[in-house]
Each structure stands twice: as C-alpha cells, then as structure tokens.
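**Student:** Pasting a predicted model and its sequence here:
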Amino acid sequence: MRESTLQDSRPHRMNPPGDDFRSPDTLTPAALGDHLAHLVWENFTDFIASDDAEIPVEDLGVPTNDGLPSPRTVEEALIFLMWAHTRGAQLAFVGRAPDDLLREALDVLHNAIFEDLAEHGTPRSYLPLFEQHVAARYAEYHQAAEASDEQLGRAVASHLTGESPEGMELPAGLAERARAAASPLRDFLEEIELVEA
C-alpha cells in the first residue's frame with residue numbers, strides 16, 4: 001500500500017555509488033517510520049495471501065470465505081506484524097539512538113498505518129478503538145516474547161484463531177514468522193544511524 005521512502009526526498013545520507021547496493025548510513029525518524037510501514041504492508045500481504053503464504057490462512061484454523069480469513073483475523077494479523085516490526089526497530093536501536101528519535105519513528109510508522117487504513121475504507125471513528133487493541137496486544141506480545149518464543153507463538157495464535165491453540169505447530173510457525181520479520185530488520189537497522197531531520 002505504501003511506497004518505500006528510502007528513495008524519497010527526505011534527508012538521509014547514502015553511501016557513495018558502487019557496483020553493489022548498500023543501505024543508507026543514516027535515516028531520519030520520518031524516513032524510518034515510512035519505510036517500516038511499507039515493510040509491514042508487504043509482510044501483511046504475504047501473510048494473508050493464501051497461495052504463497054509461509055503459513056497459509058487455512059492452516060490458522062479459522063473459517064475462510066474464498067480463501068480470505070475473517071475481518072477479526074485480518075486485523076489481528078496486521079497488529080502482530082506491526083508489533084514484530086516495532087520490536088525489530090526497538091532491538092536495533094536500543095542503547096544507540098536517542099529514545100525521542102526512535103519514539104518519533106515509531107509514531108510515524110503507526111500514524112502511517114492508521115492513515116492507510118482510513119484511506120482504504122476503515123471508518124476514522126474506529127481508529128481509536130483499533131489503537132487500543134494495538135496497545136493491548138503490544139503489551140501482551142512483549143511480555144510473552146520476554147518469556148519465550150513458545151509463549152509468544154501461543155499468544156499470537158490465540159488471537160488469530162480466537163481460541164487457545166492445540167499443539168505447537170501453529171505457535172511455533174508464528175514465533176518463526178516474528179523472528180523472520182524482526183531479525184533481518186534488526187540486522188539491517190544496526191548498520192544505520194538514526195538522525196534528526
């Protein structure tokens with residue numbers, strides 16, 4: 001839904017041209033937040049698509065209509081992926097970027113997601129309630145992730161399916177999905193300095 005802003009007009013310094021692509025040395029909070037929103041939407045599309053999804057929605061144990069999960073499950077999947085990208089950014093910048101700059105970048109991420117939702121038909125009157133859901137899930141997922149990958153996977157699975165998961169296949173797959181989103185992002189961002197605009 002969003003275009004990546006790594007190539008937009010916002011100030012950030014790129015490495016000198018070379019034969020290979022190299023990531024930027026710096027990003028402003030606005031550029032980072034927009035880039036994270038773009039990544040969330042990319043991962044969300046991949047997650048929901050039934051044809052090439054890492055975990056097909058049919059395997060989530062929820063009813064689908066023509067291969068699409070319920071609106072509640074779609075919302076929960078979006079929140080989960082927002083959390084995974086938020087966590088990846090937090091882990092990358094903890095102790096090496098000013099808290100206010102990271103907070104600004106995460107505000108841009110969340111505001112961009114909310115604005116995208118509104119532009120694509122979500123009633124603006126619903127957004128404050130959605131924001132409350134996001135805050136509640138973030139607190140739960142953060143606590144679960146601190147305990148273990150298994151607890152994180154179980155927490156996410158219960159919200160995606162609406163019931164406690166039986167067995168570990170789905171929770172393990174979801175925990176892996178969180179790592180797949182957060183770890184490469186963290187590795188990428190660890191090479192970048194977050195700077196004021």
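**Tutor:** Yep, it's here. Numbers count the residues shown, from 1 in each chain.
**Student:** Can you give the contact residues for stretch 144-163?
**Tutor:** Residues outside stretch 144-163 that contact it (Cβ atoms under 8 Å, 6 or more residues apart in numbering) are 60-62, 72-73, 76-77, 79-80, 87, 137, 140-141, 164-165, 168, 170-175, 178-179. From N, CA and C alone the C-beta is placed, and that goes for glycine too.
**Student:** Please indicate which of those are buried?
**Tutor:** Neighbour counting with 16 or more other Cβ atoms under 10 Å marks 60, 62, 73, 76-77, 79-80, 87, 137, 140-141, 165, 170-175, 178 as buried within these.
**Student:** Next step: those restricted to helices.
**Tutor:** The helices, defined by DSSP state H, take in 73, 76-77, 79-80, 87, 137, 140-141, 170-175, 178 from the buried ones among the contacts of stretch 144-163.
**Student:** Pick out the most distant pair among those residues.
**Tutor:** Spanning the widest gap among these are T73 and R87, at 20.9 Å by Cβ to Cβ.
**Student:** Give the buried residues for stretch 117-134.
**Tutor:** Neighbour-count burial for stretch 117-134 flags 117, 130, 134 (criterion: 16+ other Cβ under 10 Å).
**Student:** If you could redo that for stretch 156-165, that was the one I meant.
**Tutor:** 156-161, 165.
**Student:** Straight-line length of it, end to end?
**Tutor:** End-to-end distance for stretch 156-165: 10 Å, by Cα to Cα, to the nearest Å.
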